[in-house]
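Q: Below are the sequence and a predicted model; questions follow.
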Amino acid sequence: MMGDSPWTGLDRLGQDLGIEELRELAASVGLAGDSGARVRMSLAAKARTLRVRGLGEIEEAAQAANERMSLPVILLVVSFIVFIAFPATYRVVTGL
C-alpha cells in the first residue's frame, strides 16, 4: 500500500525482528523481482542450509542433555547395586 515492493517489506520485517534468514530471503526474492534472476535453486540451497543448521542445533542440544544425564544414571545404578548387595553382604558378615 505504501508503494514498496514485497521484498522491501520482508527485509524491513527481518530487520525489525532481527531474523537474518528473512533478510536473506528478501534479498533473493528482490534479485528475482528486480533483475529476473533464477531464484529457485538459490532458495532451495538456502532452505537446505537452514534445515542442516537446525538439525545441527537439535543434535547439539540432545548431546548436551545426554551428557547432563550421565551422572544421575550412574548414581541410580550404583544405588541399585548397593541396595541389592547390602542385604547379601550383611547376611554373610552376620552369619559368620
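A: Everything's here; your move.

Q: which stretches of the chain have low pLDDT?
A: Judged against pLDDT under 70, the low-scoring parts of the chain cover residues 1-2, 33-39, 96.

Q: and the longest helix anywhere in the chain, what does it pack onto?
A: Taking residue count as the measure and DSSP state H as the definition, the longest helix of the chain comes out as helix 40-68. For helix 40-68, the helices and strands in contact under the criterion 3 or more CB pairs under 8 Å, 6 or more residues apart in numbering; DSSP states H and E are helix 20-35. Just so you know, the C-beta spots here come from the backbone N, C-alpha and C atoms, and that holds for glycine as well.

Q: end to end, how far does stretch 26-44 reach?
A: With CA to CA, to the nearest Å as the measure, the first residue of stretch 26-44 is 14 Å from its last.

Q: Just want to check the distance between the closest residue to residue 30 other than its chain neighbours and residue 61.
A: Among residues not flanking residue 30 along the chain, residue 7 sits closest, at 3.8 Å (CB to CB, 6 or more residues apart in numbering). Going from residue 7 to residue 61 by CB to CB, to the nearest Å gives 33 Å.
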